[in-house]
Structure formats: structure tokens, C-alpha cells
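*Asks:* 3D model of this:
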Amino acid sequence: MDTSPSALRRNFFLHISIDNGTVVRYRVHTMYTYPIRLSHDNSGMQWRAPDSLIPAIAVGIISAIAFVWIGDAFRGAVVPAPSIVLPAIPTVPRSVGEGGAPSVPSAPSVIAITATTSFFYSFNADGILQEAGNMEESTSRYFWLDSGGKLPIKNGIGSTVIGELSALDKWRLAYLKSSAVDTDNGYHPQNLFRLIARVRGDNVRAESSFRIVKDNFSASPNRNASNGLLLMMRYQDYKTLYYAGVRVDGTAVIKKKYQGTYYTMAQKKIFSGTYAQGSAANLLPHNEWLSLRAETSTNADGSVVVRLFMKRSNESTWTKLLESRDASQYGGTPPITAAGYLGIRTDFMDVEFDSFRVGAI
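*Replies:* Reported below is the predicted structural model:
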């Protein structure tokens, strides 16, 4: 399609409504679907046409007003203000990305894990879970997608977004505005995937199976060795939690995040290869199911133990990779002893999930 300014002007035309010889309405229309820039402030949504269209719109409006004034001189009609009809595009969420609020612990929608209560989800109901600003806005009884745009579920498999979003997808537009560098101008919101289960516990075990489909080697400085497949434990909010898993540099890791600061509790190399910052490299197995298990338990002295286990597709038993004890030695921060939510985090990858299970230990 010709997108030159002259072509755009040709696509504008005037619509005049006449009732018994009196001009009662006039509009400037466009038949060309031109990319629209969206502006947003706290008062709501505002539409603004691209700068390249403004001259054409102005000419149309002035012509319409001149036409009506001439007609009114003979008819004495009262004419309403002109309106511009622009192509519609999807509504964009007001805020996106990690940082929403979980439910209060006592909310009826939250499952408390006890010795007699467990949680298992097999992704057996087809559909798409959309990202929500907080847990109570989530449309799922079982999960809250805090970041990543969408969680598609089909044929017993959950996943991040796979591939690129379309240019006018609402999440593409939202992440273009909020996290353009991290998400390749919004086309890969899955680069920042955070899925929280509506379950809470303290002395618990969480398990999930992951399969890496594709890497997104984005130019973001946040694409680095710390990215990986991770289980989140004792999640108080996005600033305070434990997580454990495997990283793109081939290491297993247990970390603590306390009020936004990360502390490495344990780490070791488990997959061969050399990782260089900024390179197109991911040392984790691809197109293979990799199962991870993480445990947290609080000791009588108030310290917290975190353990990480792994099982590959050709293995029948779990292998313990790491264990670490938090006794306030990480920056003087206290152990996270309160029960918390559990969930999944992945970074800069297209990933599938086979199941998610939580039980007491």
C-alpha cells in the first residue's frame, strides 16, 4: 500500500449529511489504516494521530468548515463541531510488567499449603491467561500472571508467548511503552515472564517441568548470565523472595532477593560450555523436558534452608544440586520466615511448562 503523504491525502474524504436542504452533519473520514500513536496519562486514554497525518486532517477540517459556513449563509443552520474518525486499535493496559500486588494471605482465593493440603496443576484446560495488574484482577482461580503478557495453554502444555506478537497486539503496545529495550520493542514480553500461583506456604516443595523452545537474544543489558529457568519461593512481593533454578551460563543457583537487593546463597556449574556476556549463547538444554524442584524450611533457630533438585528427561530420580542456609549473613537481612507465594520465572526465552505442583514437607 502507498503510504506517501500524497496517498494519505487522497484517502481522506468529506461526508456531508443534508436534511431538507440543511447541512446537519459533516465529518472528515479516512479509509487508510495508519499506525496510531497512543498517549496516556493518569486521567485515562487519549488518541493522537501521527504527525504525518496532521496536515491532511487540518486541510479536511478547514475545507469542511468553509463549506458549511457558505451553506449556512444561505440557510442559517446551526452545525455541530466536526469530528475525526480514526481507525480503532486495541485498548492498552494502564501498567504492565513485574511489580503488581499479590492478594492478602487471608483472601479466600488463596490456598494455604498444609500437611493435608497440596496443589497440582496440569495445564489441561485450553485458553489464554492474560497478565493482570494484581492477583485479584487475574481471571484464573489458580494463577496470576504478573509479567509476560500472556500464558497460552493448549493440549496439556502451558507456555510463555512463543514467537513475536503482532504489531497491534495490546501487550506489544504496552511493553513498547514500558519495557521497549527488554522486550525488543514490545514484540517479546515473554522475556520478562513471572507467573505466581495462588498458593502460600512456608515449609513446602515446588516442582515444575520446563522445555526451552527458543532463545531471544535481545540487545538489553538485562540479558545476562543470571537469566534462566527459576522457581520462586516465599514470595512476599516482587522485591522479597527466594528463588532457585538453572541459569543460561550453565550454573545452578539459589538466591535471596530482599527489598530489591539480590544475594547469592549458593551456585555451581552443572552444564558444560563457556558463556560470554552479550553473546548469543544459552548453555541450558533445549527442546528437552527439564524438571526442577525447590524446597524451603524454617529451623527452630529461625534460619531458613533452601534446596534445589533437578531431573532430566532420561532420569527417574531427583538429584540434589544445591542447599544453603539463610541465617542473616546476607547483607544483615533477616531470613524470610513468613509463608509466601510460589511461582515460575523465565528470562529472554520462549518456554513451555508441563505441570506445577506444591506440597508440604
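*Asks:* wait, Ile162 sits on Asp350?
*Replies:* Yes - if you go by CB atoms under 8 Å, Ile162 and Asp350 touch, sitting 4.8 Å apart. The way it works is simple: take the backbone N, C-alpha and C, and place the C-beta from them, glycine included.
*Asks:* which residues do those two both contact?
*Replies:* Gln190, Val213, Lys214 (CB atoms under 8 Å, 6 or more residues apart in numbering).
*Asks:* for Val253, list each beta-bridge partner.
*Replies:* Assessed by DSSP bridges, Val253 has beta-bridge partners Gly245, Gln267.
*Asks:* contacts only, for it.
*Replies:* Val253 sits next to Ser226, Gly228, Ala244, Gly245, Val246, Arg247, Thr264, Ala266, Gln267, Leu308, Leu322 when contact means CB under 8 Å, 6+ apart.
*Asks:* you'd agree the third one is up against Met310?
*Replies:* Pointing back at Ala244 there. No - with contacts counted by CB under 8 Å, Ala244 stays clear of Met310, the gap being 10.1 Å.
*Asks:* ok, back up a step: who has more neighbours, Ile162 and Asp350?
*Replies:* Neighbours per residue (other CB atoms under 10 Å) separate Ile162 from Asp350, with Asp350 holding more: 20 against 13.
*Asks:* secondary structure element holding the more buried one?
*Replies:* Using DSSP states H and E, Asp350 sits within strand 349-360.
*Asks:* ok now that strand, how far from the chain's centre?
*Replies:* Relative to its parent chain, strand 349-360 has a centroid offset of 17 Å by CA atoms, centre = their mean, to the nearest Å.
*Asks:* tell me the buried residues in it?
*Replies:* Residues Met349, Asp350, Val351, Glu352, Phe353, Ser355, Phe356, Arg357, Val358, Gly359 are the ones in strand 349-360 that count as buried (16 or more other CB atoms under 10 Å).
*Asks:* same question, stretch 173-190
*Replies:* For stretch 173-190, by 16+ other CB under 10 Å, it's 173-176, 178-179, 182-184, 186-190.
*Asks:* in helices, which of those appear?
*Replies:* Among the buried residues of stretch 173-190, DSSP state H puts Leu173, Ala174, Tyr175, Leu176, Ser178 in helices.
*Asks:* need the residues you listed in TSV with distance to Ala167, can you?
*Replies:* Below are those laid out as TSV (distance: CB to CB, whole Å):
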residue	distance to Ala167
Leu173	9
Ala174	13
Tyr175	12
Leu176	10
Ser178	17
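*Asks:* now the helices for the chain?
*Replies:* Using DSSP H, the helices of the chain run over 5-10, 54-75, 170-178.
*Asks:* direction included, what does the strand holding Asp350 pair against?
*Replies:* In the sheet, strand 349-360 lines up against strand 119-121 (antiparallel), strand 157-159 (antiparallel), strand 204-215 (antiparallel) (DSSP bridges).
*Asks:* tell me how many other residues crowd Thr274.
*Replies:* Around Thr274 there are 9 other residues, counting by other CB under 10 Å.
*Asks:* let me see the contact set for it.
*Replies:* Ala281.
*Asks:* would you list the phi and psi of it?
*Replies:* Backbone geometry at Thr274, expressed as degrees, to the nearest 10, gives phi -120, psi 130.
*Asks:* with pLDDT and distance to Trp289 added, can I get the buried residues of strand 349-360 in CSV?
*Replies:* Formatted as CSV, those follow (pLDDT from 0 to 100; distance: CB to CB, whole Å):
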residue, pLDDT, distance to Trp289
Met349, 99, 15
Asp350, 99, 15
Val351, 99, 11
Glu352, 99, 9
Phe353, 99, 10
Ser355, 96, 10
Phe356, 98, 14
Arg357, 98, 14
Val358, 98, 19
Gly359, 98, 20
